[in-house]
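Asker: Got a predicted model here, sequence first, then my questions.
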Amino acid sequence: SAVISQKPSRDICQRGTSLTIQCQVDSQVTMMFWYRQQPGQSLTLIATANQGSEATYESGFVIDKFPISRPNLTFSTLTVSNMSPEDSSIYLCSGGLAGDTYNEQFFGPGTRLTVL
Amino acid sequence: GENVEQHPSTLSVQEGDSAVIKCTYSDSASNYFPWYKQELGKGPQLIIDIRSNVGEKKDQRIAVTLNKTAKHFSLHITETQPEDSAVYFCAAPTPYQKVTFGTGTKLQVIP
């Protein structure tokens, strides 16, 4: 398994500002992902963080709004840009070792974002 | 893409009783099915998973069963305890090493 940490654990931000969330994994993982979780809801995948190249975004998410970096195998950042109250959510990163046809993922504790 | 349905959305059981959560999936090629437990204020924790080459897997009080023909899998928790209270998510794989999550089941164990 992998131990994943995130910073910050929570933040309250003003509309129109940006927040960068950091994700650190304690061992090298093949895959890293970023998710959003609205209160009481399931997890929605934002993007796959690719080492040294542009992230792969899911439908409904764009790079201008959620720029992602992954400079090495154990670290990634997600920025929530030009925030609005609708961006209030929990943001989770996950890491995992890709198998032949499956991906065992482990999650960080999440970042709880409130936008005023 | 993969579609995962999860039932029930909420479940209340008396301490010591068993709890069962069921999920169905759509892609017959799927071969890996994890279950996650999410406690309040924490990230999801992988608690058990099953590969398609087996029909059942146990780990102490929790077990997962898989029916590939019917395309459904279930989480069984026996002798429930208050600390089992949490939200449980099933998941199934999708292309490019991703997973699709079920809608979640909020389990409440009543002391």
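Answerer: Perfect, I can see it now.

Asker: contacts, neighbours, all on C-alpha from now
Answerer: OK.

Asker: Name the surrounding residues that touch stretch B:84-96.
Answerer: A:42, A:102-103, B:1-2, B:4, B:6, B:23, B:25, B:30-40, B:99-109 (CA atoms under 8 Å, 6 or more residues apart in numbering or on different chains).

Asker: For PyMOL, what selects the buried ones among those?
Answerer: Provided next is the PyMOL selection string for whichever of those are buried by 16 or more other CA atoms under 10 Å in any protein chain shown:
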select buried, (chain A and resi 42+102+103) or (chain B and resi 2+4+6+23+25+30+31+32+33+34+35+36+37+38+39+99+100+101+102+103+104+105+106+107+108+109)
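
Asker: Looking at chain B, what residue ends up closest to chain A?
Answerer: Per CA to the nearest CA, B:Gly43 is where chain B lies closest to chain A, at 4.2 Å.

Asker: Grab the most central residue of chain A for me.
Answerer: A:Trp34 (2.9 Å; CA atoms, centre = their mean).

Asker: before we move on, the earlier item: please look at the residue of chain B closest to chain A and A:Gly108 and confirm they touch.
Answerer: Yes - the pair B:Gly43 / A:Gly108 is scored as a contact, 5.7 Å apart, by CA atoms under 8 Å.

Asker: Overlap in contacts, those two.
Answerer: A:Leu92.

Asker: What is the burial count for the nearest residue to B:Ile62 once chain neighbours are set aside?
Answerer: Nearest residue to B:Ile62, sequence neighbours excluded (CA to CA, 6 or more residues apart in numbering or on different chains): B:Ile77, at 4.6 Å. For B:Ile77, the neighbour count with other CA atoms under 10 Å in any protein chain shown is 21.

Asker: A:Ser89 now?
Answerer: Residues near A:Ser89, counting by other CA under 10 Å: 17.

Asker: Quick check: the gap between the residue nearest to B:Ile62 and B:Ser28.
Answerer: 26 Å (CA to CA, to the nearest Å).

Asker: Alongside chain A, which residues does chain B contribute?
Answerer: Neighbours of chain A within chain B, by CA under 8 Å from any CA of the partner chain: B:31-32, B:34, B:41-46, B:89, B:93, B:97-99, B:101-104.

Asker: Please flag which of those residues sit within helices.
Answerer: Residues from the residues of chain B next to chain A lying in helices, with DSSP state H as the criterion: none.

Asker: circling back: who does the residue nearest to B:Ile62 bridge with?
Answerer: Under DSSP bridges, the beta-bridge partners of B:Ile77 are B:Ala19, B:Ile62.

Asker: For it, give me its contacts.
Answerer: Contacts of B:Ile77 by CA under 8 Å, 6+ apart are B:Ser18, B:Ala19, B:Val20, B:Arg61, B:Ile62, B:Ala63.

Asker: could those go into CSV alongside pLDDT?
Answerer: Formatted as CSV, the contacts of B:Ile77 follow (pLDDT from 0 to 100):
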residue, pLDDT
B:Ser18, 98
B:Ala19, 98
B:Val20, 98
B:Arg61, 97
B:Ile62, 98
B:Ala63, 97
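
Asker: For chain B, what's its nearest residue on chain A.
Answerer: Counting by CA to the nearest CA, chain A gets nearest chain B through A:Pro109, at 4.2 Å.

Asker: Could you count how many residues lie near the closest residue to that residue other than its chain neighbours?
Answerer: Distances taken as CA to CA, 6+ apart put B:Gly43 closest to A:Pro109, at 4.2 Å, once the chain neighbours are dropped. By other CA under 10 Å, the residues close to B:Gly43 number 22.
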